[in-house]
Structures are given as C-alpha cells and as structure tokens.
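Asker: Coordinates for the following, if possible.
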Amino acid sequence: MSVSAPHVKKPVAAPGGASGTAGAGRAGKPRRGIKPSRILLVALLTVAALYFLLPVYWLVVASTKSSAGLFGTFGLWFSDPRWPANLSKVFSYGDGIFWSWTWNSILYAGVGGALATLLAGAAGYALAVYRFRGREAVFKVVLAGVLLPSTALALPLYLLFSKVGLANTYWAVLIPSIVSPFGVYLCRIYAEAAVPAEMLEAARVDGAGEWRIFGTLVLRTMTNRARDRLPLPVRRH
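Answerer: Model (predicted):
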C-alpha cells in the first residue's frame, strides 16, 4: 500500500523575484500620494526663500548700472551693464580705502570670531568640569552679562578705551568682540554633554597637563561632536 505525499501549493513568484506573500503585501499596500499640507508647506517655504533672496538679486543687478540707470530703469533687470567700470570706481575710491574696509572686516569677523570661540570654549569647559568655590556665582555673573544689551555698553567702553589710549585702534573693537557671555553659557552646556569624565581621567593618568588636555582632547572632542554628533572612543584603564 503506497501513501502519496500531501499536495502542497507552491507560492507564486511575484515580478522581480519576490515571493508571492511579499508581492501581495507590496501590491496590497495603497500608495500614498502627496499630502496637500506638504504642498502648501513647500510653497510657503519657496515664497519665503524668494522674499529673502530678492534683495541679494537686486544688489547684483544694481551693481551693474550707472547712477542714472539705477534710478531711471527697471530695478530688477539688467540695463547697459558696466560692471568692470563700477568695480574700478569702488576699488579706487578714497585712494583704495575699500581694501582697508575689507581687511578690517576680515580681521574683526575672522580673528575676532576665532578668539571669541576659543575663549568661550575654555571658559565653558572650566565651568563645566572643574569644581571650585564660587563656580555657580561666576556662572550667574556670566548669565547676567547675557542680559546686558551691547548698546548699553557702547558709551562706557568708549570712555574706558579713551582713558587708556586705545580709542580709534583695532584693539578697541577686538577686545569687546572676543568676550561673549552667551558663548560661554552655550559652551558650558555643551561641554557637560560632550566631554566624558573618563577621557579626562585617562589623560591625567597618562601624565598630560591640563592645557594639553584642553588643546588636544577637549577641543577635538567638542568639534567632532558638533560635526558628527558622535562621541570619540574613550580609552579606559
């Protein structure tokens, strides 16, 4: 007496090599269309982008016109472009004072910004890691400095720099610009989350000094976390 094997129904292969079940799942799932709210959001963002880019476009167009063409032609389109002549007038104006303005902008924005970031990072790291008497009082003074508007300090700073003979010098602009209470506040909050205590202890055990730890480990850790949102590997003993 022979017993035949039960008949098993084979799954039907879906197009593309997928199984019947997977193909049915994909085919049975309704395709989602674009939501009207998403279209409205993209439209609003596009209008906002055009609104903010319009002055930049007008500036480019206006830079190609003469004084008469600037007021006598349509402001949003080119008319008799003379860009090289205008640039020549700008660079030769006031015996080349434009280049001095450019250098001042690079100095104040570049050097001043770099020094302000380094000082704020060092102060925020110290307030986040080190435990010393009066630490919270110092931090509250920093927070009070955040509340002071820069316009309220303009006249006192001018009188102070005039007394010490630094008025009308680069230092009169650089010194106030490298002090950023808000930057210190942000760096303290960020250092508490980004700098692991185990890494600092491992560096101290290896004989590294505090300045070396800050310059080689802390700054690298904070910049890497800001760029990658990932912690660095921590050496454990």
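Asker: Point out where the protein drops to low pLDDT.
Answerer: Along the chain, the parts satisfying pLDDT under 70 run over 1-32, 225-237.
Asker: Domains of it: list them as residue ranges, please.
Answerer: For the chain, the TED database gives the domain ranges 37-92, 97-223.
Asker: Out of those domains, which is the most enclosed?
Answerer: Highest mean neighbour count of those: domain 97-223, a mean of 14 (counted as mean count of other Cβ atoms under 10 Å). Every C-beta, even on glycine, is put in place using the N, C-alpha and C of the backbone.
Asker: which residues touch stretch 145-162?
Answerer: Residues from elsewhere that reach stretch 145-162 (Cβ atoms under 8 Å, 6 or more residues apart in numbering): Ala167, Thr169, Trp171, Ala172, Pro176, Pro181, Phe182, Tyr185.
Asker: which SS class is the first one?
Answerer: Looking back up the chat, that one is Ala167. Under DSSP: H, G, I helix; E, B strand; the rest coil, Ala167 falls in the coil class.
Asker: Okay, it and Asn104: tell me how far apart.
Answerer: Going from Ala167 to Asn104 by Cβ to Cβ, to the nearest Å gives 16 Å.
Asker: Also the fifth one?
Answerer: Taking Cβ to Cβ as the measure, Pro176 and Asn104 are separated by 15 Å.
Asker: for the third one, same thing?
Answerer: Counting by Cβ to Cβ, the gap from Trp171 to Asn104 is 13 Å.
Asker: Apart from its chain neighbours, what residue comes closest to Ala122?
Answerer: Among residues not flanking Ala122 along the chain, Phe214 sits closest, at 6.5 Å (Cβ to Cβ, 6 or more residues apart in numbering).
Asker: I'd assumed Ala128 was in contact with that neighbour.
Answerer: No - Phe214 is beyond contact range of Ala128, at 11.7 Å (criterion: Cβ atoms under 8 Å).
Asker: Show residues contacting the stretch of helix or strand Pro84 belongs to.
Answerer: Element membership of Pro84, judged by DSSP states H and E, is helix 83-92. Where contact means Cβ under 8 Å, 6+ apart, the residues beyond helix 83-92 that reach it are Ser63, Thr64, Lys65, Ser66, Phe98, Trp99.
Asker: mind checking how far stretch 50-67 is from the chain centre?
Answerer: 26 Å (Cα atoms, centre = their mean, to the nearest Å).
Asker: Repeat that for stretch 130-148.
Answerer: 25 Å.
Asker: The strand or helix carrying Ala122 packs against which elements?
Answerer: In this assignment (DSSP H and E), Ala122 forms part of helix 112-129. When contacts are defined as 3 or more Cβ pairs under 8 Å, 6 or more residues apart in numbering; DSSP states H and E, helix 112-129 sits against helix 135-147, helix 171-177, helix 181-194, helix 219-228.
Asker: Ok, which of these comes nearest Thr46?
Answerer: helix 219-228 (29.3 Å; Cβ to Cβ).
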